[in-house]
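> Could you work out the structure for the sequence below:
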Amino acid sequence: MQEENCTDSVRLLNGSNLCSGRLQVKSNQKWSSVCEADFDLQDAEVVCRELGCGPPSVLQRALYGEVETPVWSKEFQCEGHESALLDCRSSGSARSSCSPGKAVGLTCSEPLGLVGGASRCAGTLEFKHLGEWRPVSGFSSKWTLKSAAFVCEHLDCGSAAYTGNTNRLPYQAKGMWPMEPDCLQSGSALRECLTSHVGLPYGVHIVMTEYSSHVYLTCSEMR
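As a prediction, the model looks like this:
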């Protein structure tokens, strides 16, 4: 079980990574579960954005455990553009409990992609963290086909056909996110695989130098 992903007002519990789990909302210093009847895909889009994850990929009841009391007593009416779930309009509900199997379980996609290649399945690996898309730094000796396979499978692009590093000019002035490729093979959430780099603490981006480069991948299915 992974550590919960949590903001001041929403969290995901019991998920397989930081972008999945059973949804709870905080109000008046108490966490409440949410019933599926009061939640839809637009609401899920807002939650995933608030937690720093990609768009929702699965919205399924009871996927991450049964509902716990108390239960959120309002129906969310998000339009999908809000930055936080509690910024959405809501309507009153007489609901005080959820039937078994009716708690909202949510899986958000992890925010990563390949850019600048011949298709969406090839290019420089970029990751969104702290609200910013940046290339992932790395060295070709550490980014093996085995670790690259995680990215290709995640993007529905088949297996990894090539991995390397490059210092292409468009990225020379752009900061990068340092990531430990071996961590990907453990099944951890991508954000858990961010590492310190050249002495910088976790979460601090680096700028391209002669000693660093970004990861370039080609997957087997060029979609």
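> use CA for all of it now, contacts and neighbours both
OK.
> can you list the domain ranges for this protein.
Residue ranges for the domains of the chain, per automatic domain parsing: 5-108, 112-219.
> can you count the residues close to the nearest residue to Cys219 once chain neighbours are set aside?
Distances taken as CA to CA, 6 or more residues apart in numbering put Ala160 closest to Cys219, at 4.4 Å, once the chain neighbours are dropped. Ala160 has 23 neighbouring residues, counting by other CA atoms under 10 Å.
> In this model Ala148 seems to touch Ala160, though I could be wrong.
Yes. Between Ala160 and Ala148 there is a contact at 5.8 Å, judged by CA atoms under 8 Å.
> overlap in contacts of the two?
Counting by CA atoms under 8 Å, 6 or more residues apart in numbering, the residues touching both Ala160 and Ala148 are Leu217.
> ok, Pro56 touching Thr107?
Yes. Counting by CA under 8 Å, Pro56 touches Thr107, with 5.8 Å between them.
> who has more neighbours, those two?
Shown here are Pro56 and Thr107; by other CA under 10 Å, Thr107 has more neighbours (27 against 22).
> wait, doesn't the more buried one sit right on Leu51?
No. Assessed by CA under 8 Å, Thr107 is found out of contact with Leu51, at 11.4 Å.
> Which pLDDT value does the model give the closest residue to Val34 other than its chain neighbours?
Of all residues beyond its chain neighbours, the one nearest Val34 is Trp72 (5.3 Å), with distances taken as CA to CA, 6+ apart. The score at Trp72 is 78. That number is its pLDDT.
> before we move on, what about Ala122?
Taking Ala122 on its own, its pLDDT is 92.
> Distance of the residue nearest to Val34 relative to Cys78?
15 Å (CA to CA, to the nearest Å).
> One more: Ser33?
Plainly put, Ser33 is 17 Å away from Cys78 if you go by CA to CA.
> rewinding a little: which of the domains of the chain comes out lowest on mean pLDDT?
Note on these: lowest mean pLDDT is at domain 112-219, with a mean of 73.
> Kindly check the end-to-end length of it for me.
End to end - CA to CA - domain 112-219 spans 14 Å.
> now swap in stretch 12-31 and tell me
11 Å.
> now swap in stretch 24-39 and tell me
12 Å.
> Which positions in that stretch come out as buried?
Using 16 or more other CA atoms under 10 Å as the burial criterion, the residues of stretch 24-39 that qualify are 24-26, 31-36, 38-39.
> Am I right that Val151 is in a helix?
Yes. Membership of Val151 in a helix is supported by DSSP: H, G, I helix; E, B strand; the rest coil.
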